[in-house]
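Novice: Just a sequence and a predicted model for now, questions to come.
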Number of protein chains: 2
Amino acid sequence: MSKSNRRKFLGTAAALCAGAATASARPLATADNPKPLIHHVFFWLKNPGSKQDRDKLIEGVKTLKGIETIRKIYAGTVADTEKRDVVDASWDVSEMIFFDDPKGQAIYQTHPIHLEFVKNYSHLWAKVVVYDAMTV
Amino acid sequence: MSKSNRRKFLGTAAALCAGAATASARPLATADNPKPLIHHVFFWLKNPGSKQDRDKLIEGVKTLKGIETIRKIYAGTVADTEKRDVVDASWDVSEMIFFDDPKGQAIYQTHPIHLEFVKNYSHLWAKVVVYDAMTV
């Protein structure tokens, strides 16, 4: 490669790579709000022993991900950790959602997908407890 | 650029960019376990009205991030969301941690940094409730 071609190569290669880096960095920046509102819901089933009802409710929780203000959503069951006095392991299904702010959570509450979830799955649970934590 | 130089350029540029893409993709892959163990702790202060005690405990929660098995950690306070019957807003400080698995959580429990946290900050709280949820 001539000296001028080499210079041209380095410039063009840098531009190409800069483009690639920008493209791959974008999802990281939007996905990871370092100060999310954490909406954590615990459900106690009417039939706590029923694996079928548990799986049905987990299926329901997963339908919520279509709501636009949800940044991340996780469905959970009781983890296999030591059952110390302070650990509440009496619940059956959990739903943990990251919103950007209280407004995102308010939009979720009255969103048609959420109302549909309540309509179709609320017969499964006997009790719900919600914690809304703002990251500081 | 000659035809052969151009071919060489494209090959080298592709190799360079592939390297850049791998490097920028790596943090995403390790940081975002799609199935984390969610360890969520709620603290009720002995002096619930004390902003000083609240800030002190938040400071304590933030010391925990030095523990190697912690993938993500968030300290929180009660979010400004609608106070519906199902919402428990009686707590003062929260700590939400992502571990990869129950083993990561067990290592955290007996880690010197965690024991130091309990020693230095437990006089501030009257009650603790812990939820350990495994993402499914």
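Specialist: The structure has been received and is ready for your questions.

Novice: in the longest strand seen in chain A, what's buried?
Specialist: Across chain A, the longest stretch assigned as strand under DSSP state E is strand A:125-135. Within strand A:125-135, the residues scored as buried using 16 or more other CB atoms under 10 Å in any protein chain shown are A:125, A:128-135. (Each C-beta comes from the backbone N, C-alpha and C, glycine too.)

Novice: can you redo the residues you listed as JSON lines with pLDDT and distance to chain B?
Specialist: Formatted as JSON lines, the buried residues of strand A:125-135 follow (pLDDT from 0 to 100; distance: CB to the nearest CB, whole Å):
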{"residue": "A:Trp125", "pLDDT": "98", "distance to chain B": "11"}
{"residue": "A:Val128", "pLDDT": "98", "distance to chain B": "5"}
{"residue": "A:Val129", "pLDDT": "98", "distance to chain B": "6"}
{"residue": "A:Val130", "pLDDT": "98", "distance to chain B": "5"}
{"residue": "A:Tyr131", "pLDDT": "98", "distance to chain B": "6"}
{"residue": "A:Asp132", "pLDDT": "98", "distance to chain B": "4"}
{"residue": "A:Ala133", "pLDDT": "98", "distance to chain B": "3"}
{"residue": "A:Met134", "pLDDT": "98", "distance to chain B": "4"}
{"residue": "A:Thr135", "pLDDT": "98", "distance to chain B": "5"}
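
Novice: Go through those and name the one nearest A:Pro36.
Specialist: A:Thr135 (5.6 Å; CB to CB).

Novice: Tell me how many other residues crowd A:His123.
Specialist: Neighbour count for A:His123, taken as other CB atoms under 10 Å in any protein chain shown: 9.

Novice: Give me the distance between the closest residue to it other than its chain neighbours and A:Val130.
Specialist: Excluding the flanking residues, the one nearest A:His123 by CB to CB, 6 or more residues apart in numbering or on different chains is A:Lys46, at 7.6 Å. Distance from A:Lys46 to A:Val130, counting by CB to CB, to the nearest Å: 18 Å.
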